[in-house]
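Novice: just the structure for this:
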Amino acid sequence: MSQDDVERDKLIFDLIKGRYDSELEKIDSLDAKAGSLAGFVSILTGLIFGSGSFQLEIITSSYFLSIAYFLGSAFLLGSIICAMHAYKIRNFQIVPDVDRLLKKYVNRPYLDVLQITGATMKEAVEDIEGKNSNKADYINAAWYLLLFGLTVIFIYLLLYASGWVTTANVGR
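Specialist: Got it, this is the predicted structure:
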């Protein structure tokens, strides 16, 4: 093997390792986003449920108010579920396996170990990348559900504030 082959293989390995490290960092970033989103929406939903529990008779007195309140609340709960699903712990392949390296590759040539480890890391990158993409999809869904929920709750507030239902009409 020439020196160029060794340098080429080392470069390829370094690129794969960089991508692997990047995907591992992305896990933390996505988990932080999912956790923050779940926490924010949980607090918001708690406030909406808390205030709604004092006005339950008014909310249920009008079909439109009921639909707006409960649909908006359902979207917010869906947002929490999606964020928590993105946040849940998953198993990620950590390579190289140190025990396997020591047992099987300690007496092999440098270039062989480099190529085998690089191929293993490539598979791990693909696995982690797929899981990160799935996490990102759930976070995006949580954001859209949050926006839909807030929009519907805002419509509920507009209906309520516009006098759509007055307390005099409640109970009739």
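Novice: from the chain's centre, how far out does whichever helix or strand L24 is part of sit?
Specialist: Element membership for L24 (DSSP states H and E) is helix 3-54. Its chain's average C-alpha position is 8 Å from that of helix 3-54, according to C-alpha atoms, centre = their mean, to the nearest Å.
Novice: tell me the buried residues in the next helix or strand after that helix?
Specialist: Next helix or strand after helix 3-54 toward the C-terminus (DSSP H and E): helix 56-61. Within helix 56-61, the residues scored as buried using 16 or more other C-beta atoms under 10 Å are 58-59, 61. Backbone N, C-alpha and C define where each C-beta goes, glycine included.
Novice: please save the CA atoms from helix 56-61 in PDB.
Specialist: Only the C-alpha atoms of helix 56-61 are listed here, as PDB (Å, rounded to 0.1, in the frame of the first residue of the first chain):
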ATOM      1  CA  LEU A  56     -67.000  25.200  32.200                       C
ATOM      2  CA  GLU A  57     -70.600  26.100  32.300                       C
ATOM      3  CA  ILE A  58     -70.100  29.000  29.900                       C
ATOM      4  CA  ILE A  59     -67.900  26.900  27.600                       C
ATOM      5  CA  THR A  60     -70.400  24.100  27.400                       C
ATOM      6  CA  SER A  61     -73.400  26.500  26.900                       C
END
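Novice: and the next helix-or-strand element following that helix, which residues are buried?
Specialist: For helix 56-61, the following helix or strand on the C-terminal side (DSSP H and E) is helix 63-87. Within helix 63-87, the residues that count as buried by 16+ other C-beta under 10 Å are 65, 68-69, 71-73, 75-87.
Novice: and for stretch 3-20?
Specialist: Result for stretch 3-20 [16+ other C-beta under 10 Å]: buried residues 9, 13, 16, 19-20.
Novice: would you turn those into CSV with pLDDT?
Specialist: Shown next, in CSV, are the buried residues of stretch 3-20 (pLDDT from 0 to 100):
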residue, pLDDT
D9, 84
F13, 85
I16, 87
R19, 90
Y20, 88
